[in-house]
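*Asks:* sequence and predicted structure below; questions after.
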Amino acid sequence: MKDVKCIFFDIGSTLVDESAAYKDRIENTIAGSSVSYNVFTEKLIETYRESAQRAVSFRGVCSFFGLEPSPWRSEYEFLYPETEGCLRTLSGNYKIGIIANQDPGSEERLNKLGLLKYLDLVIASAEEDVAKPDLQIFQIALDRANCKPEESVMVGDRIDNDIIPANKIGMTTVWIRQGYGGCAEPKAKEELPDYTVDNLSDLLKLL
């Protein structure tokens, strides 16, 4: 990649391992029902597999089974082993930002995780009142970073929320196949990332 000035990251299943949080949420959601953990997760994987064609919604999977979704518990979120080292390395050479759909308090949570010191800006849906895949949230991030789309990289696990809109706005896209988002099957041109990696260590090899 040449002439890159800014690198933007999603948070969930990109910098933060959500596997334990998903497990907790699924177990609490199906508690007392006839839906098994395996059946629920198979449907969730199927939904993410089709995420290039339609938006993913945990609530939508719950609705399919007639279940009320349990609240998300952020205390079960943990950093991937490579996360801090990756951001520490990149922050020395690039402007680093976040573009994410998050509940209020993203900066506080990122600070508790020890990541805020590596970030130049955090653009989160709750604070901006606009959410991915709306192109507006990407434009807000680019404007505040004073960075052009062609000088920017978007790294995320979701084809629907990260790759498609970032492609549309003209950013270089990196799909990181972690979490349920890694199950997607992109086919159409606008769904295809410029690069695909399996973890943040692989990302460093591109930059």
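*Replies:* Yep, that arrived.
*Asks:* per-residue pLDDT of the residue nearest to residue 109 when sequence neighbours are not counted, please?
*Replies:* The shortest distance from residue 109 to any non-neighbouring residue, by C-beta to C-beta, 6 or more residues apart in numbering, is to residue 74 (6.3 Å). The way it works is simple: take the backbone N, C-alpha and C, and place the C-beta from them, glycine included. Per-residue pLDDT puts residue 74 at 87.
*Asks:* kindly report the same for residue 51.
*Replies:* For residue 51, pLDDT reads 64.
*Asks:* ok, back up a step: check contacts around the residue nearest to residue 109.
*Replies:* 21, 103, 109 (C-beta atoms under 8 Å, 6 or more residues apart in numbering).
*Asks:* got a list of what residue 95 touches?
*Replies:* 5-7, 120-121, 145, 147 are the contacts of residue 95 under C-beta under 8 Å, 6+ apart.
*Asks:* most neighbours, which of the residues you listed?
*Replies:* Counting neighbours by other C-beta atoms under 10 Å, residue 7 leads those with 27 neighbours.
*Asks:* given the strand or helix carrying it, what are its sheet partners and their directions?
*Replies:* Using DSSP states H and E, residue 7 maps to strand 6-9. Applying DSSP bridges to the sheet, strand 6-9 is found paired with strand 95-100 (parallel), strand 152-156 (parallel).
*Asks:* that one - what's its average pLDDT?
*Replies:* 98.
*Asks:* I'd like the average pLDDT over the helix or strand that comes right after that strand.
*Replies:* Using DSSP H and E, the next helix or strand after strand 6-9 towards the C-terminus is strand 16-17. Across strand 16-17, the average pLDDT comes to 96.
*Asks:* centre of the chain to strand 16-17, how far?
*Replies:* 9 Å (C-alpha atoms, centre = their mean, to the nearest Å).
*Asks:* so what touches that strand?
*Replies:* Strand 16-17 is contacted from outside by 77-80, 83, 113, 178-179, using C-beta under 8 Å, 6+ apart.
*Asks:* how is this protein divided into domains?
*Replies:* For the chain, automatic domain parsing gives the domain ranges 6-17+77-206, 19-65.
*Asks:* look at the nearest residue to residue 57 once chain neighbours are set aside and report its pLDDT.
*Replies:* Nearest residue to residue 57, sequence neighbours excluded (C-beta to C-beta, 6+ apart): residue 47, at 7.6 Å. Note on residue 47: pLDDT of 87.
*Asks:* make CSV from the strands paired with strand 6-9 and add mean pLDDT and distance to residue 204 to it.
*Replies:* Shown next, in CSV, are the strands paired with strand 6-9 (pLDDT from 0 to 100; distance: least, C-beta to C-beta, whole Å):
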stretch, mean pLDDT, distance to residue 204
strand 95-100, 97, 13
strand 152-156, 98, 11
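*Asks:* fine by me, thanks again.
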